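K.L.:
here are the coordinates; sequence isn't available:
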């Protein structure tokens with residue numbers, strides 16, 4: 001029996017063609033749910049986890065390794081204080097060629113099939129700030145040796161934060177040493193005719 005209390009990071013369970021998948025809201029990780037993972041999901045916030053169930057039989061050692069793997073994948077919360085340190089910030093050998101910015105965590109549609117709960121992903125609706133957006137661009141440029149880079153705007157509906165998109169595009173145009181490409185994943189129902197030039201210009 002494992003006495004460690006498990007607490008999962010925010011997630012949603014998706015089902016596609018009879019197969020279930022675990023979608024991690026905070027880092028967009030996707031994992032197919034096998035009997036072992038399904039067992040641990042049923043133990044969310046439980047203490048004194050048994051080693052056996054009707055569908056799973058794990059030794060204490062195997063259970064400990066599975067929990068360790070889930071922590072490494074950010075599926076469950078970790079008590080390790082070093083988890084909050086971003087190793088990318090200290091890496092000198094990376095070469096990024098693009099970034100994806102979730103500029104709006106809200107949407108003006110309520111599609112029944114949306115896995116993101118109207119773009120909110122079970123969190124409080126919000127918009128990325130200009131400070132964060134420009135800092136992300138600076139991070140990309142600092143860690144890229146490419147002559148051209150891609151910036152993708154995602155949501156929710158990204159056009160609900162069009163002012164930020166305009167600011168980022170303008171900021172990038174001031175960087176004459178790189179060629180920028182932009183991608184915007186949108187539904188086109190939140191754009192005004194005068195804004196189209198910003199998206200395709």
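P.N.:
Thanks, I have it. Predicted, not measured: the structure shown is a model, and the values here were computed from it.
K.L.:
and the protein, what are its domains?
P.N.:
11-84, 87-200 (automatic domain parsing).
K.L.:
how far is whatever helix or strand residue 137 lives in from where the chain is centred?
P.N.:
Assignment of secondary structure by DSSP states H and E places residue 137 within helix 130-142. Its chain's C-alpha centre and that of helix 130-142 lie 17 Å apart, by Cα atoms, centre = their mean, to the nearest Å.
K.L.:
Show me what that helix is packed against.
P.N.:
strand 98-102, strand 148-154, helix 162-173 (3 or more Cβ pairs under 8 Å, 6 or more residues apart in numbering; DSSP states H and E). For every residue, glycine as well, the C-beta is placed using N, CA and C.
K.L.:
Give me the average confidence score over the last one.
P.N.:
Average pLDDT, helix 162-173: 92.
K.L.:
got a markdown table for the domains of the chain, with mean neighbour count too?
P.N.:
Listed next are the domains of the chain as a markdown table, based on neighbours: other Cβ atoms under 10 Å:
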| stretch | mean neighbour count |
| --- | --- |
| domain 11-84 | 14 |
| domain 87-200 | 15 |
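K.L.:
Of the ones you listed, which shows the lowest average pLDDT?
P.N.:
domain 11-84 (a mean of 76).
K.L.:
the helices in this protein, which residues?
P.N.:
Taking DSSP state H as the test, the helices found in the chain are 35-41, 60-72, 130-142, 162-173, 196-200.
K.L.:
quick one, which of those is nearest to residue 101?
P.N.:
Nearest of the helices of the chain to residue 101, taken as Cβ to Cβ: helix 130-142 at 5.8 Å.
K.L.:
got a list of contacts for that closest one?
P.N.:
96, 98-99, 101, 103, 149, 151, 163-164, 167-168, 171-172, 175, 178 (Cβ atoms under 8 Å, 6 or more residues apart in numbering).
K.L.:
same thing but at 10 Å, please
P.N.:
88-89, 96-101, 103, 127-129, 146, 149-151, 153, 161, 163-165, 167-168, 171-172, 175, 177-178, 180 (Cβ atoms under 10 Å, 6 or more residues apart in numbering).
K.L.:
Would you mind measuring from the closest residue to residue 66 other than its chain neighbours to residue 9?
P.N.:
Leaving aside its chain neighbours, residue 66 sits nearest to residue 36 (6.0 Å; criterion: Cβ to Cβ, 6 or more residues apart in numbering). With distances taken as Cβ to Cβ, to the nearest Å, residue 36 is found 18 Å from residue 9.
K.L.:
and what of residue 30?
P.N.:
Residue 30 is 13 Å from residue 9, by Cβ to Cβ.
K.L.:
And residue 43, by the same measure?
P.N.:
From residue 43 to residue 9 the distance is 15 Å (Cβ to Cβ).
K.L.:
With residue 15 instead?
P.N.:
20 Å.
K.L.:
which residues touch residue 153?
P.N.:
Residue 153 neighbours (Cβ under 10 Å, 6+ apart): 100-104, 128, 133, 159, 161-162, 164-165, 168-169, 182-186, 199.
K.L.:
ok, and the closest non-adjacent residue to it?
P.N.:
Counting by Cβ to Cβ, 6+ apart, the residue nearest residue 153 is residue 184, at 4.6 Å.
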